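Q: My questions are about this predicted structure, shown below with the sequence.
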Amino acid sequence: MGTYAITGSASGMGAAAVARLRADGHTVITVDIKDADVVADLSTSDGRAAAAAQVLTACDGRLDGAVLAAGLGPSQGAERLRMIATVNYLGVVELLERWRPALAAAANAKVVVIGSNSTTTTPAVPARAVRALLAGDVDKALRATRLYGPGRPAMVYAASKIAVTRWARRHAVRPEWAGAGIRLNVLAPGAVMTPLLQEQLDNKRQARFVERFPVPVGGYGQPEQLAEWMRFMLSDAADFLCGSVIFVDGGTDSLFRRDDWPRPVPARRIIGYVQRFRGRG
Ligand code: NAD
């Protein structure tokens with residue numbers, strides 16, 4: 001049995017993952033702004049540092065895995081926009097950077113970052129906002145979305161999820177992650193019936209958008225279904241899974257982007273990596 005840290009554990013998909021892993025007999029250290037072993041506000045730098053440190057103490061420096069599920073959905077208001085960017089992006093990457101040695105200590109750890117299908121189904125997300133987040137500059141990211149009016153929350157949300165997904169893919173393949181036995185992957189849900197989605201459905205404007213959004217299989221996902229995917233991505237079945245983004249979204253990503261992917265890599269880039277990996281055995 002393993003020891004896992006789960007953020008966003010008090011509600012929705014995080015709570016479902018906690019229940020799933022505990023039912024399997026694992027030890028789970030929960031992290032949330034309320035109702036958790038480690039109560040911390042991941043929208044603040046101090047909160048993220050405290051959450052990271054308290055988990056490291058609780059797991060005695062060895063983590064078999066983690067699920068990063070804490071997050072906020074799109075909603076208006078300057079303070080809220082900042083929280084979406086900080087919790088959804090910094091609340092993942094700062095914790096994982098601090099937990100990496102404990103994950104490496106387990107030799108075969110697995111990490112699941114909860115992304116979103118908003119990454120590929122939201123049009124016109126400003127690339128500058130994504131680049132700014134990847135550089136850790138939340139103010140610049142927010143400035144890059146300021147002209148989007150009522151669509152701004154969706155832009156900030158999608159930018160935060162694109163940035164965290166890219167961060168995961170960039171790091172997953174590095175020697176300090178893949179080479180240290182850590183498997184870092186992203187689960188990208190579509191609309192899943194949780195309090196986060198309910199908040200959108202309670203807002204007239206957003207509800208119209210959510211309800212009309214094309215989902216080939218129809219309806220919404222359930223948090224327990226997503227928890228099963230997390231469990232699988234934390235198991236030995238994921239030993240060969242590295243830097244992947246798994247869409248569980250009822251088919252919307254395939255519907256919108258059916259011919260965009262898979263797309264072959266440019267030959268020049270392959271040659272560069274072949275040279276870099278030569279000799280690593
Ligand atoms: P949820 O609202 O049920 O759970 C989110 C959890 O994050 C809550 O327990 C909340 O307290 C916690 N959280 C929020 N702000 C925090 C903070 N400042 N500090 C610490 N914890 C904080 O939502 P959910 O739908 O289960 O969302 C889980 C993840 O899935 C999120 O990252 C969300 O963006 C993502 N997601 C959700 C959907 C969906 O339709 N529900 C779709 C795609 C992606």
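A: Perfect, I can see it now. Residues are numbered from 1 along each chain as shown.
Q: before we move on, which element is the closest residue to the ligand within the stretch 51-200 of the chain in?
A: At 2.2 Å from the ligand, Gly71 is the closest residue in the stretch 51-200 of the chain, using Cβ to the nearest ligand atom. The C-beta positions use only the backbone N, C-alpha and C, and glycine is treated the same way. Using DSSP states H and E, Gly71 falls within no helix or strand.
Q: can you list the residues of the stretch 51-200 of the chain near the ligand?
A: By the rule Cβ under 6 Å from any ligand atom, the part of the stretch 51-200 of the chain lying against the ligand is 69-73, 87-88, 114, 116, 189, 191-192, 194-197.
Q: List only those of those residues flagged as buried.
A: The neighbour count (16 or more other Cβ atoms under 10 Å) marks 69-73, 87-88, 114, 116, 189, 191-192, 194, 196-197 as buried among those.
Q: biggest separation within these, which pair?
A: Distance extremes for those: the farthest pair is Val87 and Ala191 at 19.4 Å, using Cβ to Cβ.
Q: From the ligand, how far off is the residue lying closest to Gln54 once chain neighbours are set aside?
A: Among residues not flanking Gln54 along the chain, Val38 sits closest, at 4.5 Å (Cβ to Cβ, 6 or more residues apart in numbering). According to Cβ to the nearest ligand atom, to the nearest Å, Val38 and the ligand sit 9 Å apart.
Q: Quick one: the strands in the stretch 51-200 of the chain, in order.
A: Here the stretch 51-200 of the chain has its strands, by DSSP state E, counting those that start in this stretch, at 65-68, 110-114, 183-189.
Q: doesn't Ile6 fall inside a helix?
A: No. Counting by DSSP: H, G, I helix; E, B strand; the rest coil, Ile6 is not part of a helix but strand.
Q: Any buried residues in the helix or strand bottoming out on mean pLDDT in the chain, and which?
A: Taking mean pLDDT, DSSP states H and E as the measure, the helix or strand of the chain with the lowest value is helix 267-277, at a mean of 89. By neighbour count with 16+ other Cβ under 10 Å, helix 267-277 contains no buried residues.
Q: Enumerate every residue touching Ser235.
A: By Cβ atoms under 8 Å, 6 or more residues apart in numbering, the residues touching Ser235 are Lys110.
Q: tell me the pLDDT at it?
A: We have a pLDDT of 98 for Ser235.
Q: Would you mind measuring from it to Thr165?
A: From Ser235 across to Thr165, the span is 22 Å (Cβ to Cβ, to the nearest Å).
Q: for Gly250, same thing?
A: Gly250 is 19 Å from Thr165, by Cβ to Cβ.
Q: related to what we said a few turns ago, TSV please, covering the strands of the stretch 51-200 of the chain and showing distance to Val125 and mean pLDDT.
A: Below are the strands of the stretch 51-200 of the chain laid out as TSV (distance: least, Cβ to Cβ, whole Å; pLDDT from 0 to 100):
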stretch	distance to Val125	mean pLDDT
strand 65-68	21	99
strand 110-114	18	99
strand 183-189	14	99
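Q: What segments of the stretch 51-200 of the chain are helices?
A: For the stretch 51-200 of the chain, applying DSSP state H, counting those that start in this stretch gives helices covering 78-85, 91-105, 118-121, 127-134, 138-143, 152-172, 195-201.
Q: which stretch among the ones you listed comes nearest Val274?
A: Across those, closest to Val274 is helix 152-172 (Cβ to Cβ), at 19.0 Å.
Q: Which strands and helices lie in contact with the closest one?
A: Helix 152-172 is packed against helix 78-85, helix 91-105, strand 110-114, helix 118-121, helix 127-134, helix 138-143, strand 183-189, with contacts defined by 3 or more Cβ pairs under 8 Å, 6 or more residues apart in numbering; DSSP states H and E.
Q: can you redo those as CSV with distance to Arg169?
A: Converted to CSV, these look like this (distance: least, Cβ to Cβ, whole Å):
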stretch, distance to Arg169
helix 78-85, 19
helix 91-105, 12
strand 110-114, 10
helix 118-121, 11
helix 127-134, 11
helix 138-143, 19
strand 183-189, 7
